[in-house]
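*Asks:* Got a predicted model here, sequence first, then my questions.
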Amino acid sequence: MTLPPWAILRRLRRERGMTQAELAHGIVSQSMISHIEQGRIMPSEAVILKLADKVGMDGPFFVSEWRRWRKRSAVRRLIWKAVIDNRRSDVQTLAEQYDSVFTHYERWVYRAWVQVAEGSVLASEHALQHAWLDSLGAVESPAGAWKSQLDSSPCTQVEYWRIQAIEACTQERICLAVGRTAAAACWREKFRERTRKEEHNLVSTSTTP
C-alpha cells in the first residue's frame, strides 16, 4: 500500500537527519510539522512546496499527492456529517459514488450503517463481519491492527476515529433493534469515546504560507 504523504514527509526528513524544528524553520512552527507528520492536518499547497524543497522532493508531484488525499478526506467529512445528522440517503449516495477511494473495511462499515438505518439488521451484521474479515486480513475486530498500521493506511487519525465511531454507532443500532439494551449502552459509550478521540485529533487545516 502506498504511504500517505505525511508519512513520506516524515521518512524523508529522518533520512536527511533533520529535526522537526529544522524542517519547520522559516515555514511553519515545529508543532505544526508534528501535526502534519502525524496525519492530523492537510497543509496548504504553498507550505507543501516549501517542505518538499527542504527534503528534496519534487514539489508539483508532492502537491498532487496531497490533493488526492485532500479530496478523499473531503468525502469522508461529508459522510461523517451525514451520519451525525442521520441522513441515510446521503451516506448511501456518497459511499456508492466514491466507493473506489475507501478501504475495504470502511466500505463495509458504511454499508452496515446504511442497512441498519433502513431496518435491515441481519444484513448490517453481515456487513460488519465482512468489515472485520477484510481489514488487513484480520479475523477479528480490526481496531488494534489497523491503528498500529496507521502510517500505511489511507486515512488520517481524525478519519480513523470517525470510521471507528460510525462502526460503534452501527453496533448500537443493531443491539437496540434486537433488544440488547445493555450491549447498546456499551456501544454508545464506545461511540462517545471514539468521538472524543476524533475531536482530540481534530486540528485546524489552515496553515501560514
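*Replies:* All right, it came through fine. Numbering: from 1, shown residues only.
*Asks:* list the contacts for the spatially most central residue of the chain?
*Replies:* The centroid of the chain falls nearest to Glu159 when counting by Cα atoms, centre = their mean (2.3 Å). Listed by Cβ atoms under 8 Å, 6 or more residues apart in numbering, the contact partners of Glu159 are 73, 76. From N, CA and C alone the C-beta is placed, and that goes for glycine too.
*Asks:* Just give me how far the one helix or strand it maps to sits from the chain centre.
*Replies:* Taking DSSP states H and E as the criterion, Glu159 maps to helix 157-177. Taking Cα atoms, centre = their mean, to the nearest Å, the mean C-alpha location of helix 157-177 is offset from the chain mean by 13 Å.
*Asks:* Could I get the buried residue list for it?
*Replies:* 157-177 (16 or more other Cβ atoms under 10 Å).
*Asks:* just checking, next helix/strand downstream of it?
*Replies:* helix 181-201.
*Asks:* Mind giving me the packing neighbours of that next one?
*Replies:* Applying 3 or more Cβ pairs under 8 Å, 6 or more residues apart in numbering; DSSP states H and E, one finds that helix 181-201 contacts helix 157-177.
*Asks:* how big is the angle separating the helix it packs on from helix 181-201?
*Replies:* Interaxial angle, helix 157-177 versus helix 181-201 (axes from the mean of the first three to the mean of the last three Cα atoms, to 10 degrees): 170 degrees.
*Asks:* Convert the C-alpha atoms of helix 157-177 to CSV, please.
*Replies:* This file holds the C-alpha atoms of helix 157-177, laid out as CSV (Å, rounded to 0.1, in the frame of the first residue of the first chain):
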residue,chain,number,x,y,z
GLN,A,157,-6.1,10.0,12.7
VAL,A,158,-9.2,12.1,12.7
GLU,A,159,-10.7,9.9,9.9
TYR,A,160,-9.7,6.7,11.6
TRP,A,161,-11.6,7.6,14.8
ARG,A,162,-14.6,8.8,12.8
ILE,A,163,-14.8,5.5,10.9
GLN,A,164,-14.5,3.6,14.2
ALA,A,165,-17.2,5.8,15.7
ILE,A,166,-19.5,5.0,12.8
GLU,A,167,-18.9,1.3,13.4
ALA,A,168,-19.8,1.8,17.1
CYS,A,169,-23.0,3.7,16.1
THR,A,170,-24.0,0.9,13.8
GLN,A,171,-23.4,-1.7,16.6
GLU,A,172,-25.5,0.3,19.0
ARG,A,173,-28.4,0.4,16.5
ILE,A,174,-28.2,-3.3,15.9
CYS,A,175,-28.3,-4.0,19.6
LEU,A,176,-31.3,-1.7,20.1
ALA,A,177,-33.1,-3.3,17.2
